[in-house]
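Participant: the following comprises the amino acid sequence and a computationally predicted model.
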Amino acid sequence: MKWFDYRFISAVQATELFYETYIHLYREAFRRNFDAGTATLKRAVPARGLWGNPGEFSAAWRARQVADGFGMPYDFFIRECMEAAFRRGITRVPRPNQLYNLLSMPHLQERWEERRRALPLFSELPQYRVGAFCGLPAQIEHQQWVIDSLKARHARPFAIAQACFVDRLFTFDRAKAEFDPYVVEQMLSEAAGMKADPPPALRATNFLPSCFGLPHACSPSISPCIECHVREECRTAEAKVREKVAQRYGNEKPRDEEKLALNRERVARHRAKKALARTGMSSSGSS
């Protein structure tokens, strides 16, 4: 579901990218809405950063997940959420855990649709170029995204030629299958002199999906894992990761165990208070 730029990086790398983008846009929002002179001095986040404490990491992780759920680029998501917060009357730049306010979500989706219709929007990753195409779901979806976007914008033949012959986002055969013959003829005319830059060399690791090796994320017998080109390698890596986590924390799901322990402590404190209250009532009755 996530935006195409993030489908070949790990969840941790995506969270780090989201956090860096947030810091930049925090200062941008502070400069625009409060004080341009001191905006560059604003730290925007705690001094120890993303890895300073579990709460900070969890907040950024969750906000990044929400952006991924909408399939939006992080800069668009963060900027629009900040602007929506200011329109609601918020007097401070929102923190990561304050970005995804439910009141902002309908407007956020409307703005995203407007953005898609107004300007060309596609990933610049070399994994999506024709020369790197190997039938991955992300590649197929990206090609369809680009073509649907060109059609929705009633793109001129020049823009289609640019996408086909310079950016190399789809083949000429695909263009002939998707667009009107007259448009294709005009596209060929516009393409005179167009030349694509040579694609960079890619390794097999550049095509690993973002979920590769995540604990408990691999389900080889169901979709989308069943179609994945590295499902067996992922299953092996995921088992090793779970083993390492269990060795370090004594449990494959340390956060779940921590929550259970905290819940047990709360229940114990509650029972102790009730017992103390009963003891006090008994003492009062006796006296």
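Facilitator: Everything's here; your move.

Participant: report pLDDT for Asp256.
Facilitator: pLDDT recorded at Asp256 is 77.

Participant: what helix or strand is it on?
Facilitator: Using DSSP states H and E, Asp256 maps to helix 254-286.

Participant: please state the offset of that helix from the chain centre?
Facilitator: How far helix 254-286 lies from its chain's middle: 41 Å, per C-alpha atoms, centre = their mean, to the nearest Å.

Participant: wait, what's in contact with Tyr128?
Facilitator: Shown in contact with Tyr128 (C-beta atoms under 8 Å, 6 or more residues apart in numbering): Phe4, Phe122, Ala138, Gln139, His142, Gln143, Leu169. Every C-beta, even on glycine, is put in place using the N, C-alpha and C of the backbone.

Participant: in what helix or strand does the nearest residue to Pro157 once chain neighbours are set aside lie?
Facilitator: Closest residue to Pro157 apart from its sequence neighbours, by C-beta to C-beta, 6 or more residues apart in numbering: Gln186 at 3.7 Å. Here Gln186 sits within helix 181-190, counting by DSSP H and E.

Participant: narrow the contacts of Tyr128 to those in strands?
Facilitator: Assignment to strands by DSSP state E places none of the contacts of Tyr128 there.

Participant: still on that earlier bit, using CSV, write out every CA atom in the helix holding Gln186.
Facilitator: These are the backbone C-alpha positions of helix 181-190, laid out as CSV (Å, rounded to 0.1, in the frame of the first residue of the first chain):
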residue,chain,number,x,y,z
PRO,A,181,-3.6,5.5,-32.1
TYR,A,182,-3.7,9.2,-32.9
VAL,A,183,-2.1,10.0,-29.5
VAL,A,184,0.5,7.4,-30.1
GLU,A,185,1.3,8.9,-33.5
GLN,A,186,1.7,12.3,-32.0
MET,A,187,3.8,10.8,-29.2
LEU,A,188,6.2,9.4,-31.8
SER,A,189,6.5,12.8,-33.4
GLU,A,190,7.2,14.5,-30.1
